[in-house]
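Student: Turn this into a structure:
(chains A and B)
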There are 2 protein chains.
Amino acid sequence: MNPSPLLAELITVLQFLPGIGPKSAQRIAFHLLEQHRDKARRLADVMRRAADQIGQCASCRTFCETEVCSLCRSESRDASLICVVESPLDVASIEAASDFRGKYFVLLGRLSPIDGVTPDTLGMPLLEQRLAGGEVREMIVATGTTMEGEATAHYLRQLAQRANVRATRIAYGVPVGGDLEFVDGSTLSHALASRRDY
Amino acid sequence: MNPSPLLAELITVLQFLPGIGPKSAQRIAFHLLEQHRDKARRLADVMRRAADQIGQCASCRTFCETEVCSLCRSESRDASLICVVESPLDVASIEAASDFRGKYFVLLGRLSPIDGVTPDTLGMPLLEQRLAGGEVREMIVATGTTMEGEATAHYLRQLAQRANVRATRIAYGVPVGGDLEFVDGSTLSHALASRRDY
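Tutor: Okay, the predicted model is just below:
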């Protein structure tokens, strides 16, 4: 018997967050209500604005609030080098770990037709356009080494071949079977430096 | 270099949640933005409403949206028996684990003058009124066995003595040094049944 239906609802919806079960949700709800209502309001406000306003860069598909993201607008980055990753998290990891100065393309997923994730879902037509533009000299494939990551890499190689662009892939060193975002900085940096033709 | 200041802000404020560090916050933010924006909007909405609308029961101080909570309004509960707990979580634990049919009083904390938590903060004057009302025959002290919980129990006993109300305390069985909400149901039920004069 819960005296507050709204509190019960809060505990339910907190479980939308990955890794939060019923017990954690309960603790979070009481923590916020007991002493941290201002923080709860601020979090609610930012979450609402993020869900409404964060779109995708028209050029690289990463998350941003502007038409084109700051990385794509940057004049100091090498537009002839494009690194294709699965998630904006991977962009953050590569930026933090290596001295890569090219541009990115973010798939926001990996090929998985069984889950309805097709090349179109991943923005492959947009990538094809960029490769056809003639500016790109090399495309670095930095998808994960999961089965879907491999399938995506395979598809990307075909795209590059059709556009006559050199395709490379980050070196093994990334632990097989894992996701890019869990790799430590030096492994990731090494993997980028020793990329090989693909 | 983060291309989205709003995303960076979301990752920061997600760390307001207890148990969420920078890495978890990042994963939660991307999880919500990638496929679950509707859930993020709903969570933001519920969190906002909870922070604004959930107040405290005028009678027992537990969280509720109404003037007086459903437990206090209930005619079928024994108003001569009042169980004093630290948190609404404890009410939920006791309701789930035992057949206690009395009423509650929720302190929302425990005495800790060094942190500015005084008897007034914990609503002791309101409890004193209830004890003086003449309806209460027995007050069960169910605070935790931490140092502050013990100090609170001591204070509660004095209140009961002044009001000439029998004070009991839930039996040991609750692991010493722990918080009530972590106790398993049967231990808690046993502790309630074998309460002793205090």
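Student: Give me the local confidence score for the residue most central in space within chain A.
Tutor: By CA atoms, centre = their mean, the mean C-alpha position of chain A lies nearest to A:S87, the distance being 1.3 Å. pLDDT recorded at A:S87 is 89.
Student: mind checking how far it is from chain B?
Tutor: Distance, A:S87 to chain B, by CB to the nearest CB, to the nearest Å: 6 Å. C-betas here are computed from N, CA, C, even on glycine.
Student: Listing request: residues of chain A with sub-threshold pLDDT.
Tutor: Counting by pLDDT under 70, chain A has low-confidence residues at A:1-2, A:172-173, A:175-176, A:190, A:196.
Student: Tell me where it has helices.
Tutor: Here chain A has its helices, by DSSP state H, at A:5-14, A:22-35, A:37-53, A:70-73, A:88-97, A:124-132, A:147-163, A:185-193.
Student: so who does A:R110 touch?
Tutor: A:E86, A:V117, A:L122, A:T143, A:G144, A:T146, A:E148, A:G149, A:A151, A:T152 (CB atoms under 8 Å, 6 or more residues apart in numbering or on different chains).
Student: of the residues you listed, buried ones?
Tutor: A:E86, A:V117, A:L122, A:T143, A:G144, A:T146, A:E148, A:G149, A:T152 (16 or more other CB atoms under 10 Å in any protein chain shown).
Student: From B:Q26, how far out is the last one?
Tutor: Note on A:T152: its distance to B:Q26, by CB to CB, to the nearest Å, is 22 Å.
Student: A:A132 too?
Tutor: For A:A132, the distance to B:Q26 - CB to CB - is 34 Å.
Student: Looking at these two, which one has more neighbours?
Tutor: Legend: neighbour count by other CB atoms under 10 Å in any protein chain shown for A:A132 and B:Q26, higher for B:Q26 (21 against 14).
Student: In this structure that one contacts B:I11, no?
Tutor: Yes - with contact defined as CB atoms under 8 Å, B:Q26 counts as touching B:I11 (5.4 Å).
Student: I figured A:S59 hits A:T66, correct?
Tutor: No - with contact defined as CB under 8 Å, A:S59 does not reach A:T66; the gap is 10.8 Å.
Student: So between these two, which is more surrounded?
Tutor: Shown here are A:S59 and A:T66; by other CB under 10 Å, A:S59 has more neighbours (20 against 14).
Student: before we move on, back to that, among the helices of chain A, show me which one is buried the most.
Tutor: Most buried of the helices of chain A by mean neighbour count (mean count of other CB atoms under 10 Å in any protein chain shown) is helix A:88-97; its value is a mean of 21.
Student: for that helix, the distance to its chain's centre please.
Tutor: A distance of 9 Å separates the C-alpha centroid of helix A:88-97 from that of its chain, computed with CA atoms, centre = their mean, to the nearest Å.
Student: what does stretch A:65-79 give?
Tutor: Between the centre of stretch A:65-79 and the centre of its host chain there is 16 Å, according to CA atoms, centre = their mean.
Student: That stretch near chain B anywhere?
Tutor: Yes - residues of stretch A:65-79 contacting chain B under CB under 8 Å from any CB of the partner chain: A:E65, A:C69, A:S70, A:L71.
Student: What separation do you get for the second one and B:M124?
Tutor: In other words, A:C69. 56 Å.
Student: One more: the first one?
Tutor: Distance of A:E65 to B:M124, computed by CB to CB: 49 Å.
Student: quick one, what contacts A:I82?
Tutor: The neighbours of A:I82, taking CB under 8 Å, 6+ apart as the test, are A:G102, A:K103, A:Y104, A:F105, A:R130, A:L131, A:V136, A:E138, A:M139, A:I140.
Student: burial of the third one, as a residue count?
Tutor: Neighbour count of A:Y104, defined by other CB under 10 Å: 27.
Student: same check, this time on the fourth one
Tutor: Counted by other CB under 10 Å, the residues lying close to A:F105 total 27.
Student: send the alpha carbons of the top strand by length along chain A over as PDB?
Tutor: Longest strand of chain A, by residue count under DSSP state E: strand A:78-85. The C-alpha trace of strand A:78-85 is given here as PDB (Å, rounded to 0.1, in the frame of the first residue of the first chain):
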ATOM      1  CA  ASP A  78      41.700  17.100 -41.900                       C
ATOM      2  CA  ALA A  79      38.600  16.600 -44.000                       C
ATOM      3  CA  SER A  80      40.300  14.100 -46.200                       C
ATOM      4  CA  LEU A  81      40.400  11.600 -43.300                       C
ATOM      5  CA  ILE A  82      37.100  10.300 -42.000                       C
ATOM      6  CA  CYS A  83      36.700   7.900 -39.100                       C
ATOM      7  CA  VAL A  84      33.400   5.900 -39.000                       C
ATOM      8  CA  VAL A  85      32.200   4.900 -35.500                       C
END
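Student: outside of stretch A:13-29, which residues touch it?
Tutor: Residues contacting stretch A:13-29 (CB under 8 Å, 6+ apart): A:7, A:10-12, B:17-19, B:24, B:27-28, B:31-32, B:36, B:39-40, B:42-43, B:46-47, B:50, B:89, B:92.
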